[in-house]
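Enquirer: I'll drop the sequence and a predicted model, then ask my questions.
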Amino acid sequence: MTRVLYPGSFDPITKGHMNIIEQASELFDEIIIAVMLNPLKKSQLFNLEERMEIIRDLYQNIGVVSGTGLAADIALLYECKAIIRGLRSLRDFDYEISLQQLNRETSHNKINTICLFADKEYQFVSSSMVKELFNLNKDISKYVHPSVEKKMLYKKRSLVK
């Protein structure tokens, strides 16, 4: 059984993330989504628990865990063979090479990184872009699942009160 880890902040999970999950589902027996807490990201729409709940609602058949630190450590903890990463651009590629080397070294060569390319309609979609459009009251329905958009609207209303 081949188990892989898909780490990310997923704040919010986008159709681009979902596209990578769908691709990975066709290639691997089991995917574990690791919702990572990234202290370097300043603007947070959903807290860790909310992000995990949203993903669990979308994917009842996929494990969802939270994590901090190195993705390689979480991959080893859950006995994953590899880490899945989504690529959108050359800038992503440069960043992912650094992460791949770090994860490989810190796991003592036990964890590989497998990069999947997002389909063309999602190559420019990022959580940051979605949040920016959302804060400007623009339509985000092309970029997030309807249930995610609904939770974003609910969150926005609760913050305004």
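Expert: Sure, I can see it.
Enquirer: Helices of the chain, residue ranges please.
Expert: Assigned helices in the chain, in chain order: 15-27, 48-58, 71-77, 90-106, 127-135, 146-160 (criterion: DSSP state H).
Enquirer: any idea which of those helices scores lowest on pLDDT?
Expert: Lowest mean pLDDT within these: helix 90-106, at a mean of 85.
Enquirer: contact partners of it?
Expert: Residues from elsewhere that reach helix 90-106, judged by CB atoms under 8 Å, 6 or more residues apart in numbering: 70-73, 75, 83, 85-87, 111-113, 115. C-betas here are computed from N, CA, C, even on glycine.
Enquirer: hang on, the earlier thing: for the helices of the chain, which one ends up most surrounded?
Expert: helix 71-77 (a mean of 20; mean count of other CB atoms under 10 Å).
Enquirer: Let me have the contacts of helix 90-106 in TSV, extended by distance to residue 20.
Expert: As requested, these are exported to TSV (distance: CB to CB, whole Å):
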residue	distance to residue 20
70	20
71	14
72	19
73	21
75	16
83	12
85	8
86	4
87	9
111	18
112	16
113	13
115	10
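Enquirer: picking up where we left off before, can you tell which of the helices of the chain is closest to residue 65?
Expert: helix 71-77 (7.0 Å; CB to CB).
Enquirer: So which of the helices of the chain is nearest residue 64?
Expert: That would be helix 48-58 among those, by CB to CB, at 5.0 Å.
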